[in-house]
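Participant: attaching a predicted model along with its sequence, questions to come.
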Amino acid sequence: MGNARHWNHVYATRSAASLPWHQPRACRSLALIEAVARPGARIIDVGGGASTLVDCLLDHGWSDVTVLDIASAALDVSCARLGERARVVTWLQADVTTVALPAAHYDVWHDRGVFHFLTDRAGREAYVRQVRHCVRPGGHVLVAAFGPDGPRYCNGLPVVRFTAEQLHAELGAAFQLVGHVEEQHRTPSGGTQHFVYCHCLVH
């Protein structure tokens, strides 16, 4: 997945809005969350450091939002953008595979773009253990990763590409696949990236 130094360098040397995964508005993720969670739900956005999803969630009435990212520089981007509103968000600078998270706490786990950087099985297994640990039974897991037609490398790092079935298989039998959607994300430079979003329930 790279390390904090790598990602801090990315956000220190480039505008967040110029990065290929940037979305001016996280419409797809917001729609998926709106479909499964009411305001008041406890949401964690994994790898959401500079993402505008947190803005959308606050705009739509959610107030119990945690944003986790390995790069403090990415979190700083969102804090600066939100201004005073940043105080109502819980910010965690940590590696998702090793951080201590509260048990059965979150109603919604959202990740758009961390899982495909976990190129070794041990990292993916550690990620899945975290999801099982901190999402309550009956909670929702929304994971987006590069699809079969997505890039092989992103920001100089290798990635793993998944079909919806492969992504669900990585999560395992403890998760019930509810559905999936695909997206051709338009990058700021005019290219496209193929994403697969999976929605699962935690047993």
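Facilitator: Sure, I can see it.
Participant: what about L30, how many residues close to it?
Facilitator: 20 (other CB atoms under 10 Å). (C-beta placed from N, C-alpha, C; glycine too.)
Participant: apologies, that question was intended for L82.
Facilitator: 16.
Participant: so L201, which of the three states?
Facilitator: strand (DSSP: H, G, I helix; E, B strand; the rest coil).
Participant: whoops, I mixed them up, E84
Facilitator: helix.
Participant: now this protein, which segments are flagged as low pLDDT?
Facilitator: 1-2 (pLDDT under 70).
Participant: ranges for the helices of it?
Facilitator: Listed in chain order, the helices found in the chain under DSSP state H are 4-13, 27-36, 53-59, 72-82, 121-134, 164-171.
Participant: and the third one, what's buried?
Facilitator: Read it as helix 53-59. L53, V54, D55, C56, L57, L58 (16 or more other CB atoms under 10 Å).
Participant: P20: which of these is nearest?
Facilitator: Of all those, P20 sits closest to L53, with 16.6 Å by CB to CB.
Participant: on that earlier part again, distance to A94 added to the buried residues of helix 53-59, as TSV?
Facilitator: Shown next, in TSV, are the buried residues of helix 53-59 (distance: CB to CB, whole Å):
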residue	distance to A94
L53	18
V54	16
D55	21
C56	23
L57	20
L58	22
